[in-house]
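*Asks:* Here is my input, please return the structure:
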Amino acid sequence: MKLLLVEDSCRLLDALAHILKKHGYIVDTASDGEIGCDLATTNHYDVLVLDRMLPKKDGLSIIKEVRNRNITTPILLVSARDSTNDQSDGLSAGADDYLIKPFTTDELLARLRKLIHSPPQVQ
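*Replies:* So this is what the prediction gives:
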């Protein structure tokens, strides 16, 4: 399974990429929203993992662009923003799930498994 991980914290990006690779995922990474959006719209992924607050282009903008291009890849939006309004905004933008930081490795892996094995959204 191939995924795109977009996270601006280099330490977290490296740690998550290492964990995901250890669990058998092929991982492409980006540390800003412009690069992440370019990768998400030009490559095939089984799932996108996007931080909400990114430099150059935020996670919600990436989701909207991906969905406007009729890309149905499941998206997990990750954020420290934990209000119900923040979660609702992320899901309304087109994310399939919303994971609040900090999270455990087990929770991340479980949500990825669920997203990859569920049918894509009908747009």
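*Asks:* The residue most central in space within the chain in helix, strand or coil?
*Replies:* With distances taken as CA atoms, centre = their mean, Val49 lies nearest the centre of the chain, 1.7 Å away. Here Val49 is recorded as strand under DSSP: H, G, I helix; E, B strand; the rest coil.
*Asks:* With Glu34 instead?
*Replies:* Glu34 - assigned by three-state DSSP - is helix.
*Asks:* and it, what is it in contact with?
*Replies:* For Glu34, the contact set (CB atoms under 8 Å, 6 or more residues apart in numbering) comprises Lys56, Lys57. Bear in mind the C-beta positions are built from the backbone N, C-alpha and C, glycine included.
*Asks:* which intervals of the protein have sub-threshold pLDDT?
*Replies:* For the chain, residues meeting the criterion pLDDT under 70 lie at 118-123.
*Asks:* let's see it at 50
*Replies:* Within the chain, the stretches with pLDDT under 50 are 120-123.
*Asks:* ranges for the helices of it?
*Replies:* Taking DSSP state H as the test, the helices found in the chain are 10-22, 33-42, 59-68, 84-93, 105-117.
*Asks:* Could you dump these into JSON lines with distance to Leu99 added?
*Replies:* Output for the helices of the chain, formatted as JSON lines (distance: least, CB to CB, whole Å):
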{"stretch": "helix 10-22", "distance to Leu99": "11"}
{"stretch": "helix 33-42", "distance to Leu99": "16"}
{"stretch": "helix 59-68", "distance to Leu99": "12"}
{"stretch": "helix 84-93", "distance to Leu99": "10"}
{"stretch": "helix 105-117", "distance to Leu99": "6"}
